[in-house]
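**Student:** my questions concern the predicted model and sequence given below.
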Amino acid sequence: MSASISISQLGWSTPDGHRLLDHLDLVFAPERCGLVGRNGIGKSTLLRLIAGEIAPRAGRIVVDGTIGMMRQIVDVAPDERIADLFGVRDALAILARAEAGRASLDELAEADWTLEARLIEALSAVGLDAGPETPLAMLSGGQRSRAAIAAATFGDPDFLLLDEPTNNLDRAGRDAVIGLLDRWRGGAIVVSHDRELLDHMDAIVELSALGAARHGGGWSAYRDRKAIELAAAERDLASAERQESEVARHIQQAAERKQRRDGAGARKGAKGDQPRILIGARKQRAEESGSAGARLAERQRGAAAEAAEAARGRIEILEPMTVALSPTGLIGDRTVLRLAGVVAGHDRAILDGLDLEIVGPERIAVGGANGAGKSTLLAVIAGGLEPWAGDVKRPLPFALLDQRVSLLDPALSVAANHARRHPDATDNACRAALARFRFRADAADRIVGSLSGGQKLRAGLACVLGGEAPPPLLILDEPTNHLDLDSIAAVEAGLAAYDGALLVVSHDEAFLAAIGIERQLELAGGRLVDGG
């Protein structure tokens, strides 16, 4: 019997009582399935429920088979190693004692002599040239992601649960993950917004406020079918609403005609030229006819309203995210940023004689292999890391939106964070700016620490861009990592209209093309070179 995951009537709520998943029914077979949906809809929560990390409020999950789960690594302890992701530190210690001749007989009996070779093979499969004893703190974000994916696949589980597996990965890392999934013969549930990766899926499951909907094929097939279904649903809704209006108009006209007839009969009866019995009979018939007409009208009205409600039920009503930016006033020949001969690093020099100049509203993307020093470069530009040598000039205001969205105070609400960055803005102006980023009403009062990764990045964008005067230089570090696909499209549209300078670290080629990048640079050997 093949492995499967069955979910029936699943319900889950946040600790504060917000209902996230409700009456969810799904079945996952041994296939590659992309899980998509807007930020905060419950995709990562669903993976955790399947993995048994949290318990459902209602319903049940039946897993027939084994599971390997990859999770995002944010903070690491100084002594954490790659082996800890695999849960094999103790087993490796036994091997080390055995090789040194210090193992007990019991330890020798349980020693797995193939373990280290299998670990190296799993890490190589995702393109990571590192051993199990490598400290996680020495790895870049992308390298940690590769190690986490390798740990999830270790032991050949029946199902892989991958949460944003290509976040932080360079081109080679993305290709390695796509290749791994292409070769995978078990089941895989992949939460992702990576359009290229999603095109390699066998099916797409969309989570929305309406529940879960499964579509066969990859992202392109899903997108095309979704557009057709949405257009049909919108046509049905428009037709149902027209019918509802037509029924209401007919009912109104019938009521007016009856009122006129009743008025005429009353006037005729008042003349006294008809027998009372005839007047009474006519009145009774009129009342009976009016009652029947009212019942018929109510049935018609109910049927039309039911049809319209059914049509609305096929469409998820979302307030679109609009990113309208005020002008920065940046002129074309103004120097925005200049780095000359910069040498910088932590334990060793990662940047070595690096030069960079941005003049006017240039749009520059910086790429490079994981570990090449992109985060170090941004830390030097933002002033968080002092260079060992060279010169850094920042003549104009700038804003850096890093992957942790560290410009936000996690203990404050979204609105309070916005007010902190824009102290002269009124509360109305603050909330209007946040509303454009889908933080309306109570959503603006949510504590940042309680937000999902995508919601947090959206809040950061709102706080940076949602003021009267956006900074002339905007620095973005992998800005699409946690955004849902609709939000990415909105941010692309907003940044395309931004008239300041952009410096973007990203491996999302579709995103870079959409925001009009003019220059692509590669960080290699501690310097920036033309990337074509």
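**Tutor:** Yes, it's here.
**Student:** going forward, measure contacts and count neighbours with C-alpha atoms only.
**Tutor:** Fine.
**Student:** what's the span of stretch 476-488, first residue to last?
**Tutor:** This stretch, stretch 476-488, spans 13 Å end to end (CA to CA, to the nearest Å).
**Student:** ditto for stretch 342-358
**Tutor:** End residues of stretch 342-358 are separated by 15 Å (CA to CA).
**Student:** how far does it sit from the chain's center?
**Tutor:** Computed by CA atoms, centre = their mean, to the nearest Å, the chain-centroid distance of stretch 342-358 equals 33 Å.
**Student:** please work out how many residues are found near Leu20.
**Tutor:** Neighbourhood size, Leu20 [other CA atoms under 10 Å]: 16.
**Student:** do Gly127 as well
**Tutor:** For Gly127, using other CA under 10 Å, the count is 19.
**Student:** and stretch 403-417, which residues are buried?
**Tutor:** For stretch 403-417, the neighbour count (16 or more other CA atoms under 10 Å) marks Gln403, Val405, Leu408, Pro410, Leu412, Ser413, Val414, Ala415, Ala416, Asn417 as buried.
**Student:** in a helix, Ala490, correct?
**Tutor:** Yes - assessed by DSSP: H, G, I helix; E, B strand; the rest coil, Ala490 belongs to a helix.
**Student:** let's have the chain start at 11 instead
**Tutor:** Shifting the count to begin at 11 puts that one at Ala500.
**Student:** hmm, back to that, out of the buried residues of stretch 413-427, which sit inside helices?
**Tutor:** Val424, Ala425, Ala426, Asn427 (DSSP state H).
**Student:** skipping adjacent residues, who's closest to the last one in space?
**Tutor:** It refers to Asn427. Spatial nearest neighbour of Asn427, chain neighbours left out: Leu418 (6.2 Å); criterion: CA to CA, 6 or more residues apart in numbering.
**Student:** ok, now the third one?
**Tutor:** Excluding its sequence neighbours, the residue lying closest to Ala426 (CA to CA, 6+ apart) is Asp455, at 7.9 Å.
**Student:** who touches the residue nearest to Asn427 in this structure?
**Tutor:** Asn427, Val458, Gly470 (CA atoms under 8 Å, 6 or more residues apart in numbering).
**Student:** tell me the least confident of these?
**Tutor:** Within the set of the contacts of Leu418, pLDDT is lowest for Gly470 (87).
**Student:** packing partners of the strand or helix carrying it?
**Tutor:** Following DSSP states H and E, one finds Gly470 within helix 463-475. If contacts are counted by 3 or more CA pairs under 8 Å, 6 or more residues apart in numbering; DSSP states H and E, helix 463-475 sits against strand 408-411, helix 424-431, helix 437-445.
**Student:** now do that helix against helix 437-445, angle only.
**Tutor:** Put simply, helix 463-475 runs at 130 degrees to helix 437-445, going by axes from the mean of the first three to the mean of the last three CA atoms, to 10 degrees.
**Student:** what comes into contact with helix 463-475?
**Tutor:** With CA under 8 Å, 6+ apart as the criterion, helix 463-475 contacts 49-50, 335, 409, 411, 413, 415, 417-418, 424, 427-428, 431, 443-444, 447, 449, 458, 480-481, 489, 491-494.
**Student:** below-threshold pLDDT in this structure: ranges please.
**Tutor:** Along the chain, segments meeting pLDDT under 70 span 11, 82, 84, 268, 271-334, 542.
**Student:** the longest helix in it is where?
**Tutor:** The chain, longest helix under DSSP H: helix 229-280.
**Student:** tell me what it is packed against?
**Tutor:** helix 205-208, helix 286-322.
**Student:** how distant is it from the center of its chain?
**Tutor:** Worked out by CA atoms, centre = their mean, helix 229-280 lies 38 Å from the chain centre.
**Student:** returning to what we had before: C-alpha coordinates for the helix holding Gly470, CSV please?
**Tutor:** The C-alpha trace of helix 463-475 is given here as CSV (Å, rounded to 0.1, in the frame of the first residue of the first chain):
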residue,chain,number,x,y,z
GLY,A,463,7.4,35.9,8.0
GLY,A,464,5.6,37.3,5.0
GLN,A,465,3.4,39.5,7.1
LYS,A,466,6.4,40.9,8.9
LEU,A,467,8.2,41.7,5.6
ARG,A,468,5.0,43.4,4.4
ALA,A,469,4.9,45.5,7.6
GLY,A,470,8.6,46.4,7.1
LEU,A,471,7.8,47.6,3.5
ALA,A,472,4.8,49.6,4.8
CYS,A,473,7.0,51.3,7.4
VAL,A,474,9.8,52.1,5.0
LEU,A,475,7.8,53.1,1.9
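**Student:** now that helix: how far from the chain's centre is it?
**Tutor:** That offset, for helix 463-475, works out to 12 Å (CA atoms, centre = their mean).
**Student:** ok, now stretch 25-41?
**Tutor:** With CA atoms, centre = their mean, you get 17 Å for stretch 25-41.
**Student:** may I have it exported as PDB, CA atoms only?
**Tutor:** Taking C-alpha atoms only, stretch 25-41 is exported to PDB below (Å, rounded to 0.1, in the frame of the first residue of the first chain):
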ATOM      1  CA  PRO A  25      -3.400  31.100  20.900                       C
ATOM      2  CA  ASP A  26      -5.400  34.400  20.800                       C
ATOM      3  CA  GLY A  27      -8.400  32.600  19.300                       C
ATOM      4  CA  HIS A  28      -8.000  33.600  15.600                       C
ATOM      5  CA  ARG A  29      -9.300  30.700  13.500                       C
ATOM      6  CA  LEU A  30      -6.700  29.900  10.900                       C
ATOM      7  CA  LEU A  31      -7.800  26.500   9.400                       C
ATOM      8  CA  ASP A  32     -11.400  25.300   9.500                       C
ATOM      9  CA  HIS A  33     -13.100  22.100   8.200                       C
ATOM     10  CA  LEU A  34     -10.100  21.400   6.000                       C
ATOM     11  CA  ASP A  35     -10.300  18.100   3.900                       C
ATOM     12  CA  LEU A  36      -7.200  17.100   1.900                       C
ATOM     13  CA  VAL A  37      -5.400  14.000   0.700                       C
ATOM     14  CA  PHE A  38      -1.800  13.900  -0.300                       C
ATOM     15  CA  ALA A  39      -0.500  11.000  -2.400                       C
ATOM     16  CA  PRO A  40       3.200  10.200  -3.300                       C
ATOM     17  CA  GLU A  41       3.600  13.200  -5.700                       C
END
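**Student:** would you mark the buried spots in it?
**Tutor:** Buried residues in stretch 25-41 (16+ other CA under 10 Å): Leu30, Leu31, Asp32, Leu34, Asp35, Leu36, Phe38, Ala39, Pro40, Glu41.
**Student:** in strands, which of those appear?
**Tutor:** Leu30, Leu31, Asp32, Leu34, Asp35, Leu36, Phe38 (DSSP state E).
**Student:** hey, what's the last one bridged with?
**Tutor:** Right, Phe38. Note on Phe38: beta-bridge partners Ile15, judged by DSSP bridges.
**Student:** thought it was touching Ser14?
**Tutor:** Yes - counting by CA atoms under 8 Å, Phe38 touches Ser14, with 5.7 Å between them.
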